[in-house]
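**Q** only the shape, not the letters, is given here:
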């Protein structure tokens, strides 16, 4: 069964109101009962003391009760009195009620519909006075019925009012839900009007709008990513198609077939590299965590630099490497890929006879990897975008070198997956420096 905020609010409100009415009604009834019985008790006690005062002792006749005619006329069928001597023998009784019986202990008591009080008289005598409290009980029953009726009426009106109030209170939430329902994957431009939302819901509206901003940006990045990936794959596919068609047109010499196959191989290599990069970014989008194991980062950096020396030599760029012993926890293969992407980037955008310096040191509990080149540098307006997917400072030059614009994006994902940071600083014409910080272990 689906829960409803409005029904829950009304239910709790009704339960609280019922509890308050029950407590109030109980207190009112108890107070009225105490007041009614208190008045009867006071009158009974006064009458009992008057009877005790009327007791007189005569040496010949013993204890006697002298009552005035007015007092006797006041004793009706609804009231009665009884008097006992010191030995418990009955002295006198009047009004309604049964036989005298045994003198009760002093105090007030309720017997059926009568209220009685017994007190000790002079010389060990006992006096009891009682009267019917049927009228008081009838009044209390009427009061109880009135309290219950009014309570039920107030509870009903309160629940109805609470339901109306809950509906009015939750109306802005419904408006927010309607506005949210108008948002679709094809149109993420709709936003909630924060200024018209109640103060308590402005934070919710603000958070919803921020979520839409992130979703819109993510969809835009996804669309751009798809378009860029398609564009990058189009070129090697076109090369493959052209070379195959050219080879199949007619009789070609063996060297021509070889050239065509080599061109197809280069196109296939470029496609494979791009697909590997796309798979790496897909793992990043899926929030895949790298494996964790102790890694001697200095060994990884030295080995990676040695593997890249042939590429540096082919680019006529000097590659230097300086490391200090430092270990981290992570995936050695992925960390090696970070170094390869940064160094390759430094080689591609360098000058002939330039230099790429790779340094690794331990600093304030971090492993700090720095890759500095003496290349063309990065314009200031491009620095915030260099880690974006398919972003190129110089698209024509990047494609000429076979770059896809994904290397730095992959490097950032790997570094952040290892709980590290990557930064870049650059000056046009003076080269760039990429700095990676990873938590050192041990």
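**A** Alright, I've got the coordinates. Just so it is clear, the structure is predicted and the values come from calculations on it, not from any experiment.
**Q** now name the helix or strand holding residue 156.
**A** Taking DSSP states H and E as the criterion, residue 156 maps to helix 134-181.
**Q** can you pull out the low-pLDDT segments for the stretch 51-200 of the chain?
**A** Along the stretch 51-200 of the chain, the parts satisfying pLDDT under 70 run over 68-77, 96-100, 179-188, 190, 192-194, 196-198, 200.
**Q** mind jotting down where the strands sit in the stretch 151-300 of the chain?
**A** In the stretch 151-300 of the chain, the strands defined using DSSP state E, counting those that start in this stretch lie at 293-296.
**Q** repeat that for the stretch 301-442 of the chain.
**A** 317-323, 327-330, 354-363, 366-373, 421-427, 431-441.
**Q** report all helices and strands that the last one contacts.
**A** When contacts are defined as 3 or more Cβ pairs under 8 Å, 6 or more residues apart in numbering; DSSP states H and E, strand 431-441 sits against strand 327-330, helix 332-348, strand 366-373, helix 407-417, strand 421-427. Heads up, the C-betas are built off the backbone N, CA and C, glycines and all.
**Q** and the third one with strand 354-363, angle?
**A** Taking axes from the mean of the first three to the mean of the last three Cα atoms, to 10 degrees, strand 366-373 and strand 354-363 form an angle of 170 degrees between their directions.
**Q** residues in contact with strand 366-373?
**A** 297, 301, 317, 326-328, 338-339, 342-343, 345-347, 349-350, 354-362, 431-440 (Cβ atoms under 8 Å, 6 or more residues apart in numbering).
**Q** and it, how far out from the chain's middle?
**A** Between the centre of strand 366-373 and the centre of its host chain there is 40 Å, according to Cα atoms, centre = their mean, to the nearest Å.
**Q** re earlier: ok, which of the strands of the stretch 301-442 of the chain comes nearest residue 241?
**A** Residue 241 sits nearest to strand 317-323 of all the strands of the stretch 301-442 of the chain, at 34.5 Å, using Cβ to Cβ.
**Q** quick one: contacts for residue 433?
**A** Counted by Cβ under 8 Å, 6+ apart, residue 433 has contacts 370, 371, 372, 373, 424, 425, 426.
**Q** number of nearby residues for residue 415?
**A** Residue 415 has 22 neighbouring residues, counting by other Cβ atoms under 10 Å.
**Q** residue 42 now?
**A** 11.
**Q** now swap in the one 3 residues further on and tell me
**A** By the other Cβ under 10 Å criterion, the neighbourhood of residue 45 contains 14 residues.
**Q** any idea how far residue 117 is from it?
**A** 5 Å (Cβ to Cβ, to the nearest Å).
**Q** between these two, what contacts are shared?
**A** In contact with both residue 45 and residue 117: residue 129, using Cβ under 8 Å, 6+ apart.
**Q** give me the number of residues near residue 346?
**A** Residues lying near residue 346 (other Cβ under 10 Å) number 28.
**Q** ok, back up a step: now list the buried members of the contacts of residue 433.
**A** Buried subset of the contacts of residue 433 (neighbour count, 16 or more other Cβ atoms under 10 Å): 370, 371, 372, 373, 424, 426.
**Q** please name the nearest non-neighbouring residue to the fifth one.
**A** Sequence neighbours aside, residue 434 is the residue nearest to residue 424 in space, at 5.2 Å (criterion: Cβ to Cβ, 6 or more residues apart in numbering).
**Q** got the confidence number for that neighbour?
**A** In this model, residue 434 is scored at 94, pLDDT.
**Q** for residue 411, see how far away it is.
**A** 8 Å.
**Q** any idea which of the strands of the stretch 301-442 of the chain is most buried?
**A** Mean neighbours per residue, mean count of other Cβ atoms under 10 Å, is largest over the strands of the stretch 301-442 of the chain for strand 366-373, with a mean of 22.
**Q** model confidence over it, on average?
**A** Mean predicted confidence for strand 366-373 is 94.
**Q** relative orientation of it and strand 431-441 in degrees?
**A** Using the same axes, to 10 degrees, strand 366-373 lies at 160 degrees relative to strand 431-441.
**Q** tell me the angle strand 366-373 makes with strand 421-427.
**A** Using the same axes, to 10 degrees: strand 366-373 against strand 421-427 is 30 degrees.
**Q** strand 366-373 pairs with which strands, parallel or anti?
**A** Paired neighbours of strand 366-373 in the sheet (DSSP bridges): strand 354-363 (antiparallel), strand 431-441 (antiparallel).
**Q** quick one: which of these is nearest residue 4?
**A** When the strands paired with strand 366-373 are compared (using Cβ to Cβ), the closest one is strand 431-441, at 48.6 Å.
**Q** residue 41 is in what secondary structure piece?
**A** Applying DSSP H and E, one finds residue 41 within helix 5-53.
**Q** same deal with residue 57?
**A** strand 55-58.
**Q** quick one: buried residues of that strand?
**A** Neighbour count says strand 55-58 has residue 55 buried, by 16+ other Cβ under 10 Å.
**Q** what sits up against that strand?
**A** In contact with strand 55-58 (Cβ under 8 Å, 6+ apart) are residues 63, 64, 65, 66, 83, 121, 122, 123, 125, 127.
**Q** which residues are common contacts for residue 434 and residue 411?
**A** With Cβ under 8 Å, 6+ apart as the test, residue 434 and residue 411 both reach 342, 422.
**Q** which one among the contacts of residue 433 gets closest to residue 93?
**A** Among these, and counting by Cβ to Cβ, the member closest to residue 93 is residue 424, at 113.5 Å.
**Q** check contacts around the closest one.
**A** Contacts of residue 424 (Cβ under 8 Å, 6+ apart): 378, 383, 386, 387, 432, 433, 434, 435.
**Q** that one and residue 382: what is the separation?
**A** Applying Cβ to Cβ to residue 424 and residue 382 gives a distance of 10 Å.
**Q** picking that back up, now distance to residue 155 too, for the contacts of residue 424, in a markdown table please.
**A** Below are the contacts of residue 424 laid out as a markdown table (distance: Cβ to Cβ, whole Å):
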| residue | distance to residue 155 |
| --- | --- |
| 378 | 73 |
| 383 | 68 |
| 386 | 68 |
| 387 | 64 |
| 432 | 75 |
| 433 | 75 |
| 434 | 72 |
| 435 | 70 |
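**Q** closest one of those residues to residue 110?
**A** Among the contacts of residue 424, and counting by Cβ to Cβ, the member closest to residue 110 is residue 387, at 89.7 Å.
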